[in-house]
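Visitor: Next input, structure requested:
(one chain, ligands or ions: 2)
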Amino acid sequence: MAKRSMSLLGQWSSRVFSIDLDKRGALLNFALTEKPQQAPETFRNIQERCYSVLVCGDDRIQSARFYWGLEDLLRNELPAECELLPVSSYLPHVKDSLIRGYFLKDASECPSLTRRVLGALGLSEQVQVCSYLRGPDGGRWSQQLWSGSENQNMDVSKTCYVVPSEEANYHPSVLNMENSDVFYCRAEACKVLQESCDIIPESRAVLELVGKTDASRHSPDFPVVVIEGLDATGKTTLTESLREALGARLLRSPPQCLSPWRAVFDREPPLIRRAFYALGNYITAEQMGMEASQAPVIVDRYWHSTASYAIATAVSGPVSSLPPEGSPLYRWPPDLLQPSLVVQLTLDPQERKRRLEARGQGQTDEEQELDHNLLFRLRVEEAYRRVRGPACVVVDAGPSADKVLQQVLLLIKEHCRL
Ligand SMILES: Nc1ncnc2c1ncn2[C@@H]1O[C@H](COP(=O)(O)OP(=O)(O)OP(=O)(O)O)[C@@H](O)[C@H]1O
Ligand SMILES: Nc1ccn([C@@H]2O[C@H](COP(=O)(O)O)[C@@H](O)[C@H]2O)c(=O)n1
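Guide: Ligands and ions are numbered 1, 2, ... in the order given. Got it, this is the predicted structure:
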């Protein structure tokens, strides 16, 4: 069977390759043409031998898992002097056109080892390997597609030249988010787990717990209040106090019944992990519907967490790389029960760190990692604010636990019929 990637070659020249240069979101974009031209400036500064490895198989579960393991595989097999950078290749504005992989800069003394590893990888149906060569004038770069044979033959008829490309308005991952990172109906999330049953048997157990009734239009008798926020913002503390103060039922998403399998799905790539969390919301929604016929319900995390973490993780860099405000990616799934009120707890990063440390969970002090975490936290919090349905009411969780409780009780009085 011909590789699926081959059929992409017709469109190859209009594809943009976007290399994630660092976690702060600096992207190097280039396209390919048949005519030699000057490469983008940054590309010209690259001194090493360069390669790209793209994962483009037909089976989305296998491809997602292959890509998930690819970085470790490359780091284990390649010389340590090989720098790996995530690369995306996409057709501008075309939904679901994104293919992911790695761009390699090989500064090792042993180029043959790198070529052997990549040659072996290129034999796989789901991988496409290309090498990049600098022209004799030093400015032109060309891309050669490997035929995938063990001899690493280059298919010279497929030589293209690297040219600068316009930067996309948003991170390329935005193109593939729907039904890969965020699921807007139960059926789409179920499909992913159904497709993964053979390789992840736990998927069957999860699917058996997911109901089939659509409770989204059912309006509960008592209020349903969701508490959202980053970790250590005080959700557990507040939800427990609300339960006592209101005589409420306390639920969480993912629900308790999924606990035995959570760790299994946390090890899976985003496609599978996010489908698991999406289904967790539907199970919690069924519980909400039942419990709210008898008493107020407090819920620790729900859809805002699922959507915001998924969107914020799929992109890198600053808040501006998120899908724009008002994008349909922030919509509420029409078949998912909406709560009466969503409260988002926010906390000054220093205070959050202090609480994490007091709880005995120190953070890495590597500056780069902190920077990366800071950007990630900002993206999650901004995504929380952009998610539609019941919008979040933001509450500063900095004051004492009792003050936060009183403020949220006031909000519940204002927004809900008790
Ligand atoms: N208002 C508050 N003032 C001071 N400390 C607080 C306050 N609320 C919670 N804490 C403390 O901060 C720590 C984190 O709180 P908590 O476990 O409730 O957060 P969380 O949002 O549920 O975290 P996670 O999502 O990681 O489970 C705990 O040690 C808790 O006692
Ligand atoms: N409704 C939810 C709840 C959680 N998640 C994911 O879990 C992580 C946070 O969980 P904690 O137990 O640490 O609070 C977070 O990374 C989310 O990805 C979710 O998706 N949906």
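
Visitor: Tell me where the protein has helices.
Guide: Secondary structure of the chain by DSSP state H: the helices cover 4-7, 41-45, 60-77, 111-122, 186-196, 202-209, 235-246, 259-266, 270-291, 303-314, 349-358, 367-386, 401-415.

Visitor: now the angle from the fourth one to helix 60-77?
Guide: To tie it back to what came earlier, the one meant is helix 111-122. 160 degrees (axes from the mean of the first three to the mean of the last three Cα atoms, to 10 degrees).

Visitor: re earlier: can I get the helices of the chain in CSV including mean pLDDT and distance to ligand 2?
Guide: No exception for glycine: its C-beta is placed from N, CA and C like everyone else's. Listed next are the helices of the chain as CSV, based on pLDDT from 0 to 100; distance: least, Cβ to the nearest ligand atom, whole Å:
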stretch, mean pLDDT, distance to ligand 2
helix 4-7, 38, 30
helix 41-45, 80, 33
helix 60-77, 96, 15
helix 111-122, 92, 30
helix 186-196, 98, 12
helix 202-209, 97, 14
helix 235-246, 98, 7
helix 259-266, 97, 8
helix 270-291, 97, 3
helix 303-314, 97, 4
helix 349-358, 86, 12
helix 367-386, 82, 9
helix 401-415, 97, 18
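
Visitor: so can I have TSV of these showing mean neighbour count?
Guide: Below are the helices of the chain laid out as TSV (neighbours: other Cβ atoms under 10 Å):
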stretch	mean neighbour count
helix 4-7	16
helix 41-45	14
helix 60-77	16
helix 111-122	18
helix 186-196	19
helix 202-209	17
helix 235-246	18
helix 259-266	14
helix 270-291	23
helix 303-314	25
helix 349-358	14
helix 367-386	17
helix 401-415	15
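
Visitor: Can you lay out those helices as JSON lines showing distance to ligand 1?
Guide: Listed next are these as JSON lines, based on distance: least, Cβ to the nearest ligand atom, whole Å:
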{"stretch": "helix 4-7", "distance to ligand 1": "41"}
{"stretch": "helix 41-45", "distance to ligand 1": "39"}
{"stretch": "helix 60-77", "distance to ligand 1": "24"}
{"stretch": "helix 111-122", "distance to ligand 1": "39"}
{"stretch": "helix 186-196", "distance to ligand 1": "23"}
{"stretch": "helix 202-209", "distance to ligand 1": "22"}
{"stretch": "helix 235-246", "distance to ligand 1": "3"}
{"stretch": "helix 259-266", "distance to ligand 1": "13"}
{"stretch": "helix 270-291", "distance to ligand 1": "14"}
{"stretch": "helix 303-314", "distance to ligand 1": "9"}
{"stretch": "helix 349-358", "distance to ligand 1": "4"}
{"stretch": "helix 367-386", "distance to ligand 1": "12"}
{"stretch": "helix 401-415", "distance to ligand 1": "4"}
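
Visitor: To V174, which of these lies closest?
Guide: With Cβ to Cβ, the closest approach to V174 among these belongs to helix 303-314: 7.7 Å.

Visitor: List the contacts of that closest one.
Guide: 171, 173-174, 177, 181-182, 226, 228, 253, 270, 274, 277-278, 280-281, 322-323, 329-330, 332-333, 336, 342, 344, 376, 379-384, 387, 389, 392 (Cβ atoms under 8 Å, 6 or more residues apart in numbering).

Visitor: Give me the residue at the spatial middle of this protein.
Guide: Note on the chain: the residue nearest the mean C-alpha position is A314, at 2.9 Å, using Cα atoms, centre = their mean.

Visitor: ok, the nearest residue to Q38 once chain neighbours are set aside - contacts?
Guide: What sits nearest to Q38 in space, not counting adjacent residues and going by Cβ to Cβ, 6 or more residues apart in numbering, is G139, at 4.9 Å. Neighbouring residues of G139 by Cβ under 8 Å, 6+ apart: 38-39, 44.

Visitor: residues making contact with stretch 212-226?
Guide: So stretch 212-226 is contacted by 242, 248, 285-286, 288-289, 292-299, 301-302, 304, 334-343, 390, 408, 412, 415-418 (Cβ under 8 Å, 6+ apart).

Visitor: Surely E188 touches S180?
Guide: No. With contact defined as Cβ atoms under 8 Å, E188 does not count as touching S180 (10.0 Å).

Visitor: Where does the stretch 101-250 of the chain get nearest to ligand 2, which residue?
Guide: D231 (4.9 Å; Cβ to the nearest ligand atom).

Visitor: Ignoring the adjacent residues along the chain, who's closest to that residue?
Guide: Using Cβ to Cβ, 6+ apart, the closest residue to D231 is L356 (7.6 Å).

Visitor: repeat for R49
Guide: For R49, the spatially nearest residue (Cβ to Cβ, 6+ apart) is D106, at 4.5 Å.

Visitor: which residues sit in contact with the one you found?
Guide: Listed by Cβ under 8 Å, 6+ apart, the contact partners of D106 are 48-51, 78-79, 81-82, 114.

Visitor: follow-up on the earlier one: next, find the distance separating the residue of the stretch 101-250 of the chain closest to ligand 2 from ligand 1.
Guide: The span separating D231 from ligand 1 equals 3 Å under the rule Cβ to the nearest ligand atom, to the nearest Å.

Visitor: again, but for S216
Guide: For S216, the distance to ligand 1 (Cβ to the nearest ligand atom) stands at 26 Å.
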